[in-house]
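In: Sharing a sequence plus its predicted fold:
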Amino acid sequence: MRIGIACLVGAYVLSQFYRAFLAVLTPDLQADLGATPGDLAVASGLWFLSFAALQIPIGAALDRLGPRRTAAALLALGGGGGALLFALAQSPGHVMLAMTLIGAGCAPVLMAAYVIYARVYPPAVFATLAGATIGLGSLGNVLSAAPLAALVAVVGWRASLGGLAAVTLLVALLLWLAVRDPEPASPGVAQGSVLDLLRTPTLWPVLLMMFAAYGPSASLRGLWAGPYARDLHGADAATIGWVTLAMGLAMVAGNFAYGPADRLLGTRKWVVWTGNAVVLAALLLLAWDPGASLLRATVLLAVAGFCGAAFPMIVAHGRAFVPPHLLGRGMTLINMFGIGGAGLMQFASRPIHGGAATPDAYRALFLFFAAIVALGLGAYLFARDSTD
């Protein structure tokens with residue numbers, strides 16, 4: 001079981017890498033394929049939307065088929081195949097299709113680990129395990145920053161993506177060989193559906209907070225941090241790598257910090273609410289003067305990344321309201337709101353930014369993300385706290 005979990009964490013490293021690496025490739029894809037930041041916003045949004053669209057069927061598959069087959073098959077077909085298509089891309093449309101496939105391939109990985117945690121370990125440590133998994137997996141976020149920029153400078157982006165395709169297929173094979181499915185909650189086919197979860201009033205404030213909490217930091221780290229640093233601060237590819245690395249490391253640290261916070265402070269709701277209130281403040285400061293120094297911008301992006309890493313805590317909060325026989329579907333539903341929110345925000349961010357390399361364009365972008373977080377905080381005030 002532990003070896004299988006280690007392999008799932010490795011697969012999640014790839015998932016984090018693939019959702020964030022476009023920011024670093026922006027100059028190369030623009031030069032070689034004519035891909036604009038708007039094109040890459042669509043491509044990144046498609047990654048998140050395909051990921052989100054599969055969460056409901058993946059939830060049923062996790063409950064009925066188990067984590068091993070679900071995660072290994074999708075990662076091989078979607079993740080490995082999509083990365084290979086990306087390496088061979090000849091147009092922005094090919095990049096969009098590749099990102100759609102990669103998003104589908106990464107879709108089951110984290111939830112497969114979470115189902116194992118929920119069925120094997122005590123509920124009180126779920127948030128800690130969930131946070132540690134995202135924290136370790138977020139090394140992919142780090143690798144997609146300065147290390148990727150250095151690799152691309154040496155071998156080029158096509159060779160880099162070809163190598164990633166091979167690594168993805170290898171990890172999928174390891175999942176098939178090493179993951180062990182936990183015992184189901186009850187014998188036979190689980191009764192009920194996601195509609196039963198949607199009729200649960202206590203879940204809705206958690207779902208809305210998840211929608212608002214994950215998208216801004218994911219969109220900034222994975223998409224807009226690179227163009228922002230380039231357009232307003234004159235950053236080259238190497239400098240963009242360091243800016244995104246700082247935000248990525250902050251997100252890693254944030255996941256580890258959130259993990260045990262519910263047990264230390266005796267609340268989940270107010271840990272999540274307070275952290276996202278800080279994210280709101282950081283976004284408003286970025287909007288106040290987007291053209292200020294690159295150091296200030298990098299610090300504020302890192303603050304937003306650290307405090308916006310509440311994903312595992314929100315999953316743990318929502319999991320408390322999900323019956324055992326719907327565990328897979330419940331956690332994938334919560335995940336769908338987070339990932340789907342990120343995808344929709346990335347699509348919406350394209351017209352809001354407008355393609356202009358001006359302070360006003362980025363001010364509008366930061367205010368858009370701030371408004372989403374503020375609405376999520378308002379809805380979350382009505383959540384019922386839970387610490388298992």
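Out: Nice, I can see it.
In: Quick check: buried residues in the longest helix along the chain?
Out: Longest helix of the chain, by residue count under DSSP state H: helix 327-353. Residues of helix 327-353 classed as buried: 327-346, 348-350, 353 (neighbour count, 16 or more other C-beta atoms under 10 Å). Where C-beta positions appear, they are placed from N, C-alpha and C, glycine not excepted.
In: before we move on, what about stretch 103-114?
Out: Buried residues in stretch 103-114, counted by 16+ other C-beta under 10 Å: 103, 104, 105, 106, 107, 108, 109, 110, 111, 112, 113, 114.
In: Assign a three-state SS to residue 183, would you?
Out: coil (DSSP: H, G, I helix; E, B strand; the rest coil).
In: Would you check that it makes contact with residue 119?
Out: Yes: assessed by C-beta atoms under 8 Å, residue 183 is found in contact with residue 119 at 6.6 Å.
In: Please say which of the two ends up with more neighbours.
Out: For residue 183 versus residue 119, the count of surrounding residues by other C-beta atoms under 10 Å is larger for residue 119: 16 against 8.
In: That one is in contact with residue 182, isn't it?
Out: Yes: the pair residue 119 and residue 182 qualifies as a contact (C-beta under 8 Å) at a distance of 3.9 Å.
In: Measure how far stretch 203-223 is from the centre of its chain, please.
Out: 9 Å (C-alpha atoms, centre = their mean, to the nearest Å).
In: Next: stretch 245-257.
Out: With C-alpha atoms, centre = their mean, you get 13 Å for stretch 245-257.
In: Which residues does it contact?
Out: 20, 131-132, 134-135, 138-139, 141-142, 144-146, 217, 220-221, 225, 275, 298, 301-312 (C-beta atoms under 8 Å, 6 or more residues apart in numbering).
In: and those residues, which of them are in helices?
Out: If you go by DSSP H, the contacts of stretch 245-257 have 20, 131-132, 134-135, 139, 141-142, 146, 217, 225, 275, 298, 301-307, 311-312 in helices.
In: Show the buried residues in these.
Out: 20, 131-132, 134-135, 139, 141-142, 146, 217, 225, 275, 298, 301-307, 311-312.
In: Low-confidence bits of the protein, can you list those?
Out: For the chain, the stretches flagged by pLDDT under 70 are 184-192, 388.
In: among the buried residues of stretch 103-114, which are in helices?
Out: 103, 104, 105, 106, 109, 110, 111, 112, 113, 114.
In: quick one: contacts for the closest residue to residue 314 other than its chain neighbours?
Out: In this structure, residue 314 finds its nearest non-sequential neighbour in residue 210, 4.8 Å apart by C-beta to C-beta, 6 or more residues apart in numbering. By C-beta under 8 Å, 6+ apart, the contact set of residue 210 is 311, 314, 315, 318, 334, 337, 338, 341.
In: All good on my end, thank you.
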